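Colleague: using only what follows, build the 3D model:
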Amino acid sequence: MNGNVVDFDKDVIDDDDEPKPTSAPEDDYIGTERAKQIAFNRAGVSASQVKNLKVKLDTDDGRAIYEIEFDAKGYEYDVDVDAVNGNVVDFDKDAIDDDDDEPKPTPAPAGDYIGAERAKKIAFNRAGISASQAEELEVELEREDGRMVYTVEFKAGGYEYEVEIDALTGEILDYDVERD
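Modeller: Okay, here's the model as predicted:
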């Protein structure tokens, strides 16, 4: 016996196919300015249109992220950007409610609504999927902030989607995607 190692085995067990959280020294982060630009691009707005900007470096499930909140074009945006690779990991867009205590308009009769089928098509198109890819689909018509809204929820490709659509116009009022 001479004390030399003549054989060594090491097994790596990876029982989950989920991407691993990004953890890196802050030197490897993309930086606040780049994160803001990514968020603005995702929202389709320019920096000059942005108001009430808040940027915070945080962690989510062990992943360093920039939480970016801002208002632009009548909407409030919440965008989470991976601090290392710049990927958008969460995006939320909500119509800004002015809450000015004015009487809300009476909703139009149901015959004027776009219908659940049209709402589903709008939601699937926004998510970039076909109807056959959607699982656990739920469509609900409800009053929200004084207007009638279709809320379409479904899962596809490892993500959960929630899309709120104006029942009269078909305009997307809120779009939220999260990893399932």
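Colleague: domain map for this structure?
Modeller: 26-95, 110-179 (automatic domain parsing).
Colleague: tell me the contacts of the most centrally placed residue in the chain?
Modeller: With distances taken as C-alpha atoms, centre = their mean, Phe91 lies nearest the centre of the chain, 2.7 Å away. In this structure, Phe91 makes contact with Arg42, Ala43, Tyr77, Asp78, Val79, Asp80, Tyr175, Asp176, Val177, judged by C-beta atoms under 8 Å, 6 or more residues apart in numbering. Heads up, the C-betas are built off the backbone N, CA and C, glycines and all.
Colleague: the helix or strand of the chain with the lowest mean pLDDT pairs with which strands?
Modeller: Of all helical and strand segments in the chain, the minimum by mean pLDDT, DSSP states H and E falls on strand 88-95, at a mean of 88. Listed by DSSP bridges, the sheet partners of strand 88-95 and their directions read strand 75-82 (antiparallel), strand 172-179 (antiparallel).
Colleague: and the gap between Val149 and Val88?
Modeller: Going from Val149 to Val88 by C-beta to C-beta, to the nearest Å gives 24 Å.
Colleague: Ala123 contacts Phe154, doesn't it?
Modeller: Yes: because the distance of 7.3 Å satisfies C-beta atoms under 8 Å, Ala123 is recorded as touching Phe154.
Colleague: those two - which one has more neighbours?
Modeller: Higher neighbour count among Ala123 and Phe154: Ala123, with 26 against 22, using other C-beta atoms under 10 Å.
Colleague: what about the strands in the chain?
Modeller: For the chain, strands defined by DSSP state E occupy the ranges 51-60, 63-72, 75-82, 88-95, 135-144, 147-156, 159-166, 172-179.
Colleague: could you give the angle of the second one to strand 51-60?
Modeller: Read it as strand 63-72. Taking axes from the mean of the first three to the mean of the last three C-alpha atoms, to 10 degrees, strand 63-72 and strand 51-60 form an angle of 160 degrees between their directions.
Colleague: ok, residues contacting strand 63-72?
Modeller: 21-24, 26, 29-30, 32, 35-36, 39-40, 43, 45, 49-59, 76-84, 89, 96.
Colleague: if any of those residues are buried, put those into a PyMOL selection.
Modeller: Typed into PyMOL, the next command selects the buried ones out of those (criterion: 16 or more other C-beta atoms under 10 Å):
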select buried, resi 22+29+30+35+36+39+40+43+45+50+55+76+77+78+79+80+81+82+83+84+89
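Colleague: what stretches of the chain score poorly on pLDDT?
Modeller: Confidence mapping of the chain against pLDDT under 70 gives the ranges 1-25, 97-111.
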